[in-house]
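Trainee: with the input below, show me the fold.
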Amino acid sequence: MVGRAAEISKEDSAPSVIRLLMAYAELLRTFLAIYRAGSLTDAAYHRGISQPAASQHLAALERTVGARLFVRGPAGVTPTQQARELYAQVTEPLDALEAVIAGLRGRAATSAAVPVRFGSSPEYFSTEVLPRLAGSTIAVSAVFGTDTELLALVQHGEIDVAVTSMSPSRRSLRAVAVGSKRFALVAAPALAPHPPLETVHQLSEWLPRQPWVSYSLELPVTRRFWQAVLDRPFSAKPRLVAPDLRAVLYAVELAIGVSILPTFVCAEPFAAGRVVELFPVGDLIEAEPWFACTRLGEAQSPAVKTLVRALATSAAPPAVTCGSPGSPHAGMIA
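Mentor: Here you go, the predicted model:
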């Protein structure tokens, strides 16, 4: 009898446990939608519920957690530290649950309707991401920052995808190679030597006398190039340091100085003849990889997968001619 009673007790409690799990799952799914949308109204729309229902879900979850999860403001809601910690814990299992639910209903997961929160440098976004978004249905909300900042945002659930030159060390993050960054030694035509430089020796003699513009004082790529290729420490004359590649490129165009820049930011000025390549360094400077970094669970989101695939697809580059008129190096970088 005791065994039978225990069996009945288990049978009676099973529906209650399931109902409890489903209730918590609903609260957490609403929490996830609010966190990602930054708005109760938008979260309710994406979840297919009313705004009062979304508010009730949030209030019930805050009572359960025993802490405030969002601070309301005129522009929406801002997650508290407690919300950030909760998001990091629940995002992967809930995204997996959404995929299961979508599969049972025979449709794509609803998370595809929510904008993908994307992070990169502004230069990468402008030149590499925007052309791939043209004609697509992917919704994107972009933020910009350094590699370290962006990886921290991914880790804490603040953004869904970050493209960095740094592969993440945390096991909870997934990195997919989506290309590489190559470099060119560039200047305005007015600063280019005549006749053009033909040997590394000539370059090592000419370059130290030139003004230099750069993205940072550290100059990691530039210093490695000078030491490894020119066999001398960096000794050009610094004229400008600006933490924005677009500003550095424009400074080069204005003949403020010479610089080593990623080729992807130089395509249009090269084509227009506002910038020329001083010497072919594409094979002398090691290319830097680009990684699309996501949390493991977020990598299965249909919208995230679509965006990462688009980034990994090589786009046909515009025809670019590098070098000054008559330079033997013209056309070396595309």
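
Trainee: domains in this protein, as residue ranges please.
Mentor: Domain assignment for the chain by automatic domain parsing gives 2-112, 115-180+288-312, 183-279.

Trainee: which of the ones you listed has the lowest mean pLDDT?
Mentor: For the domains of the chain, mean pLDDT drops lowest on domain 2-112, to a mean of 74.

Trainee: and stretch 154-168, end to end?
Mentor: 10 Å (C-alpha to C-alpha, to the nearest Å).

Trainee: list the contacts of the most centrally placed residue in the chain.
Mentor: Relative to the mean C-alpha position of the chain, the nearest C-alpha, by C-alpha atoms, centre = their mean, is the one of A162, at 2.5 Å. Taking C-beta atoms under 8 Å, 6 or more residues apart in numbering as the contact definition, A162 lies against F118, G119, S120, L150, L151, L153, V154, A292, C293, T294. C-betas here are computed from N, CA, C, even on glycine.

Trainee: ok, now V186?
Mentor: So V186 contacts V252, V258, S259, I260, L261, C266, V275, V276, E277, L278 (C-beta under 8 Å, 6+ apart).

Trainee: next secondary structure after the helix or strand hosting the residue nearest to the centre of the chain?
Mentor: Using DSSP states H and E, A162 falls within strand 161-164. With elements assigned by DSSP H and E, the helix or strand that comes after strand 161-164 is strand 173-181.

Trainee: tell me what that next one is packed against?
Mentor: With contacts taken as 3 or more C-beta pairs under 8 Å, 6 or more residues apart in numbering; DSSP states H and E, strand 173-181 sits against helix 147-155, strand 288-295, helix 302-312.

Trainee: which parts of this protein are helices?
Mentor: For the chain, the helices defined by DSSP state H occupy 2-37, 40-47, 51-65, 81-105, 122-124, 130-133, 147-155, 200-206, 220-228, 245-253, 267-272, 302-312.

Trainee: will you turn those into CSV that also has mean neighbour count?
Mentor: Shown next, in CSV, are the helices of the chain (neighbours: other C-beta atoms under 10 Å):
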stretch, mean neighbour count
helix 2-37, 14
helix 40-47, 20
helix 51-65, 16
helix 81-105, 16
helix 122-124, 19
helix 130-133, 14
helix 147-155, 18
helix 200-206, 14
helix 220-228, 15
helix 245-253, 19
helix 267-272, 16
helix 302-312, 19
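
Trainee: in TSV: the ones you listed, plus distance to K237.
Mentor: Output for the helices of the chain, formatted as TSV (distance: least, C-beta to C-beta, whole Å):
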stretch	distance to K237
helix 2-37	48
helix 40-47	52
helix 51-65	58
helix 81-105	46
helix 122-124	25
helix 130-133	35
helix 147-155	29
helix 200-206	13
helix 220-228	13
helix 245-253	14
helix 267-272	22
helix 302-312	38
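
Trainee: contacting residues around stretch 239-255?
Mentor: For stretch 239-255, contacts defined as C-beta under 8 Å, 6+ apart pick out 121-123, 126, 186-188, 190-191, 211-217, 256-259, 261-262, 265-266, 269, 274-275.

Trainee: look up how far E149 lies from the residue nearest to the centre of the chain.
Mentor: Distance check for A162 against E149: by C-beta to C-beta, to the nearest Å, it reads 9 Å.

Trainee: check G257 too.
Mentor: G257 is 27 Å from E149, by C-beta to C-beta.

Trainee: before we move on, what about F279?
Mentor: Taken as C-beta to C-beta, the span from F279 to E149 is 34 Å.

Trainee: now I256
Mentor: For I256, the distance to E149 - C-beta to C-beta - is 28 Å.
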